[in-house]
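Novice: sequence and computational prediction follow.
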Amino acid sequence: MKIGILAVGKVAPEVLVEVQQCLLNTFPDTFCSVIKNALPVPPRAFAKRRNQYSSNAILNEVEVYASQQKKFHRILGVVDLDIFMPELNYVFGEAYTPGRTALVSLWRLKPQFYGEKASGDVFIQRAFKEAIHEVAHTLGVQHCPRGLCVMHFSNSIFDTDKKQTLLCDECYLQAALAISSLG
């Protein structure tokens, strides 16, 4: 599987490289690279009333980008903005399940968002979990009832922190089968 990591707006390049390494270590037979040029944040994504950005509007732009190139099987957009879906106060990410594109927001993964001391290790672990989670969704893997599986739904950052960076055996098998079908 070939995964492209696409910054949407301004994202620290070192975070993109960390996510790249994580995805290479997680998914079997994977090639992963950071896409050189960032995608601009679509102005229509900003919801003034909420002071947040629509995850769906941004994900749709990532999908348009993905449809214009054939180099990658999957594109993971990474944004450093507060994103939401209409029925939720916020989301850590969103993906087409199954599909070619996913989106992860770094905004609420930072310890300082919760009034905690900045910690690069905690932040990167959270980013890893969300990147793996959303890419697995693109492979058709649904939310998992096992609390430690990275595919368990996160209602809050506490749920994200409890999860491992690993897929459980069942979710891993689903992902591996989907990857093998890509040819």
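Specialist: That came in fine, so what should we check first? None of the values given here were measured: they were computed from a predicted structure. Numbers count the residues shown, from 1 in each chain.
Novice: V104 belongs to a strand?
Specialist: Yes: assessed with DSSP: H, G, I helix; E, B strand; the rest coil, V104 lies in a strand.
Novice: pull the contacting residues for the residue lying closest to it once chain neighbours are set aside.
Specialist: Nearest residue to V104, sequence neighbours excluded (C-beta to C-beta, 6 or more residues apart in numbering): G93, at 4.2 Å. The way it works is simple: take the backbone N, C-alpha and C, and place the C-beta from them, glycine included. Taking C-beta atoms under 8 Å, 6 or more residues apart in numbering, we find G93 in contact with 55, 83, 102-105, 130, 133-134.
Novice: secondary structure element for L59?
Specialist: helix 55-67 (DSSP states H and E).
Novice: the helix or strand just after that helix packs against which elements?
Specialist: Per DSSP H and E, the first helix or strand lying C-terminal to helix 55-67 is strand 74-79. Where contact means 3 or more C-beta pairs under 8 Å, 6 or more residues apart in numbering; DSSP states H and E, strand 74-79 is packed against strand 2-8, helix 13-26, helix 55-67, strand 101-105, helix 120-138.
Novice: show me what the helix or strand that strand 74-79 is followed by is packed up against.
Specialist: The helix or strand immediately downstream of strand 74-79 is strand 83-84, counting by DSSP H and E. Counting contacts by 3+ C-beta pairs under 8 Å, 6+ apart, strand 83-84 packs against strand 52-54, helix 55-67.
Novice: the longest one: which residues count as buried?
Specialist: Okay, so that is helix 55-67. For helix 55-67, a neighbour-count test (16 or more other C-beta atoms under 10 Å) marks 55-63, 65-66 as buried.
Novice: now do the same end-to-end measure for stretch 81-90.
Specialist: One end of stretch 81-90 sits 11 Å from the other (C-alpha to C-alpha, to the nearest Å).
Novice: for the residue nearest to I58 when sequence neighbours are not counted, give me its contacts.
Specialist: Distances taken as C-beta to C-beta, 6+ apart put A45 closest to I58, at 5.1 Å, once the chain neighbours are dropped. Each residue near A45 by C-beta under 8 Å, 6+ apart is listed here: 53-54, 57-58, 61.
Novice: go again with 10 Å.
Specialist: 8-9, 52-61, 79, 81, 83 (C-beta atoms under 10 Å, 6 or more residues apart in numbering).
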